[in-house]
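> Here is the input, now give the coordinates:
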Amino acid sequence: AIVVLENITKHIERGSSPREAAIYATNEVWLSVIVTTLVVVAVFLPLTMVSGMTGIMFKQLGFIVTITVVTSTLAAISLTPMLSGLMLRLRPQDIDKSKGGWYQRNIIPLFDKLDVFYENTLRWSLKHKKTIIFSSLGIFIASLFLLKFIGTGFMSETDEGRMSIAVELQRGTRVEETVKTARNIEAILNQIPEVKLYSTSAGSDDEGGLASLFNQTGSNLINVTIRLKDRADRERDIWEISELIRKKLAHFPEIVNYTVTPNGGMMSIMGGSNTVDVEIFGYDFDQTGKLAQEIKQKVSKLKGARDVVISRKEDKAELQVVFDREKLAALGLNSATVSTYVRNRIAGLTASQLREDGDEYNIVVRLQEDARNSISKIEDLTFMTPSGKKVKLKEVGKVKELWSPPNIQHKRKERFITVSVKPVGVPLGVLAEQIKKEIKTIEKPKDVIVNVGGAYEDQQESFADIGLLMVMSLLLVFIVMASQFESFAKPFVIMLSIPFAFTGVFIALFFTGTELNMIAALGAVLLIGIVVKNGIVLVDFINLMRDRGLELNEAIAVSGKSRLRPVLMTALTTILGMLPMALSSSEGSEIWKPMGIAVVGGLTFSTIVTMIIVPVMYAVMARHGERDKQKKVREQFKFLDK
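Below you'll find the predicted structure:
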């Protein structure tokens, strides 16, 4: 709509009536408007076909942008000219701008000077093509070296003001001692002004309530859920507070292991954790456990590695009752009956409910603790046979003490154990590469396989999907422009603006300290459709000027001067539209901020550079007789008219 309206306004300023201007001005630029729309569609439509995490997150974006862009284009080439013909008025421009208003006296001369400056720059560039080409190539190559200083990640973590702490004490620690440590941890939290409230659970949970679904419980485990003040009401972010708590917990001698998870709780449980997971596949518990401990020791020494946790906990003591089935059968009993009896005496039986003030409380009946806290006392449990005879448990079975792993994980039908590492102050990709180097130095058993996965694996898969999306977008964009311009050279000239968009992305990410994650990479791909629009508008108008008989360099200079304002307007509307996203500091803004930074940086830099490199490359690749075909066609139509 900007391109159409700007051209109509220019025709009116030259003296055309609004109706004539709407017809002829739209006719001049409608092709470039259609092509720019098809180019944007060629980039966003493949988003609806991408698989994996990228497809899940951005499929709707592809559909919505495609539909809205097509609809807006139909309005731009039909509704906009119609309204322009009805609403615009013929106002001849004052030659003496000093007689006009403030805008005409101050702003218009600045625009005129900008037009003249750009025209002079173009004419100079056309005389120094080699200088421009090699300078542009040098800028692009230099920007590639910035990739060494830009970290890679999967998804940016958000500061939502929630965090969780999981603390493990020495195995066998009594609940009373665990509670004392929990109170000391709470004392630390009370000293942090940003903490709004917290909830602590310490020791085992015999009831097995809802919390036990999401947190491991035991006599030596502590779980703390913390809610911080709103982001606007605190100076430190959630990562600074997490690091402070880690340093405090490191001074507790009784703590064996601990993790501090920003945005913990439900999100981290549902797969929102941003960790590098070293997956160790193997059947033998001893082999995989020993290797996991060795990897943990080496990884813990790496810079930025925090909360290094082994998924398989230490073996847990348990009592197992082994029945003599022949004796059970002789007494008319079975294992299910006796097992239920033992369970009811130790774990308890819900006999009834107490109702008080509208609340209900379970009445659980079981033996007192001193009657069930040793193997000999459990073996002395007495129960009745169907014949009414009293039998002790030790008469029909034995109670054995065993050590067994509390959990056995499987993946692809194989046993595996995970060493999870959280990056803090270090990009996910950098930490993953360091971990890979450390793993190579460790001697591994023959029947054990080690794989680096977690969020790093998701990142690699997403980057592969985005790479495929980029290739598809480039091919579709080239095909669309080649069909419209009936040339292979012109699309190639226009697509030279794309590398400089990536240069702008690298520069923006480097100076803002933002990592190249899935969202930023998608923003870079979307730039393919955005940045080529400027080139299409410029090249299409150059073709029009050449068809009207202007010499090549003159057509380029005149077209550049004429198209500068609409190109700047279309670029600025996108840049200013994305600026709030790039500068946002509200809760949850960390997710989309990299896309805003990538688009603003890429579009700003590519607009500045491509306004020079595209006309220069057009001049290099243009042939003086290539527009003769159109000239012959026009002459043929003139002859038919006569």
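
> State whether Glu395 and Lys327 are indeed in contact, as I suppose.
Yes: using CB atoms under 8 Å, Glu395 is in contact with Lys327, at 7.0 Å. C-beta coordinates here come from the backbone N, C-alpha and C atoms, glycine included.

> quick one: the residue positioned nearest the centre of the chain and Ile597, what's the gap?
The chain has Met155 as the residue nearest its centroid, 3.3 Å off, counting by CA atoms, centre = their mean. For Met155, the distance to Ile597 equals 15 Å [CB to CB, to the nearest Å].

> mind checking which helix or strand of this protein has the lowest mean pLDDT?
Taking mean pLDDT, DSSP states H and E as the measure, the chain has helix 266-267 as its least confident helix or strand, at a mean of 40.

> buried ones in stretch 20-35?
Buried positions in stretch 20-35, judged by neighbour count with 16 or more other CB atoms under 10 Å: 21-22, 25-26, 28-35.

> So what's the gap between the longest strand along the chain and the chain middle?
Longest strand in the chain, counting residues (DSSP state E): strand 414-423. Remark: strand 414-423 is offset 22 Å from the chain centroid, using CA atoms, centre = their mean, to the nearest Å.

> Tell me the helix or strand right after that strand.
Using DSSP states H and E, the helix or strand that follows strand 414-423 towards the C-terminus is helix 428-440.

> what's the angle between that next one and strand 414-423?
With axes from the mean of the first three to the mean of the last three CA atoms, to 10 degrees applied, the angle from helix 428-440 to strand 414-423 works out at 130 degrees.

> tell me the mean pLDDT over helix 428-440?
For helix 428-440, mean pLDDT rounds to 87.

> got the residue ranges for the strands in the stretch 251-400 of the chain?
Assigned by DSSP state E, counting those that start in this stretch, the stretch 251-400 of the chain shows strands spanning 255-262, 276-281, 305-310, 316-323, 349-356, 359-365, 382-384, 390-392, 397-404.

> Could you say which one of those strands comes nearest to Glu168?
The closest of those to Glu168 is strand 255-262. By CB to CB, the value is 4.4 Å.

> ok, and what's touching that closest one?
Residues outside strand 255-262 that contact it (CB atoms under 8 Å, 6 or more residues apart in numbering): 157, 159, 162-171, 181, 238-239, 242, 245-246, 249, 268, 273, 306-307, 309, 422.

> Could you do stretch 39-48 as well?
Around stretch 39-48, the neighbours that count as contacts under CB under 8 Å, 6+ apart are 55, 58-59, 61-63, 65-66, 69-70, 469, 472-473, 476-477, 479-481, 525-526, 528-530, 532-533, 536.

> And stretch 52-70, by the same measure?
Stretch 52-70 is contacted by residues 37, 40-41, 44-50, 458, 461-462, 465-466, 469, 518, 522 when judged by CB under 8 Å, 6+ apart.

> Just to be sure, which of the residues you listed are found in helices?
Among the contacts of stretch 52-70, the members found in helices (DSSP state H) are 37, 40-41, 44, 458, 461-462, 465-466, 469, 518, 522.

> Any chance of the residues you listed in CSV with neighbour count as columns?
Listed next are the ones in helices among the contacts of stretch 52-70 as CSV, based on neighbours: other CB atoms under 10 Å:
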residue, neighbour count
Thr37, 22
Val40, 24
Val41, 21
Phe44, 23
Asp458, 18
Glu461, 16
Ser462, 24
Asp465, 20
Ile466, 19
Leu469, 24
Met518, 26
Leu522, 25
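
> Please name the residues that touch the nearest residue to Phe252 once chain neighbours are set aside.
Of all residues not flanking Phe252 in the chain, Thr181 sits nearest, at 6.8 Å (CB to CB, 6 or more residues apart in numbering). The neighbours of Thr181, taking CB under 8 Å, 6+ apart as the test, are 167, 169, 202, 222, 252, 254-255.

> rewinding a little: need the winner for burial among the strands of the stretch 251-400 of the chain.
For those, the largest average neighbour count (mean count of other CB atoms under 10 Å) is found in strand 276-281, namely a mean of 23.

> export that one as CSV, just CAs?
C-alpha atoms of strand 276-281 as CSV (Å, rounded to 0.1, in the frame of the first residue of the first chain):
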residue,chain,number,x,y,z
VAL,A,276,22.6,-30.7,28.1
ASP,A,277,21.9,-34.4,28.9
VAL,A,278,24.6,-37.0,28.5
GLU,A,279,22.7,-40.3,27.9
ILE,A,280,24.5,-43.5,28.8
PHE,A,281,23.0,-46.7,27.3
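
> Just the angle for it relative to helix 428-440, thanks.
Comparing the axes of strand 276-281 and helix 428-440 via the same axes, to 10 degrees yields an angle of 30 degrees.

> quick one: strand 276-281 to chain centroid distance?
How far strand 276-281 lies from its chain's middle: 22 Å, per CA atoms, centre = their mean.
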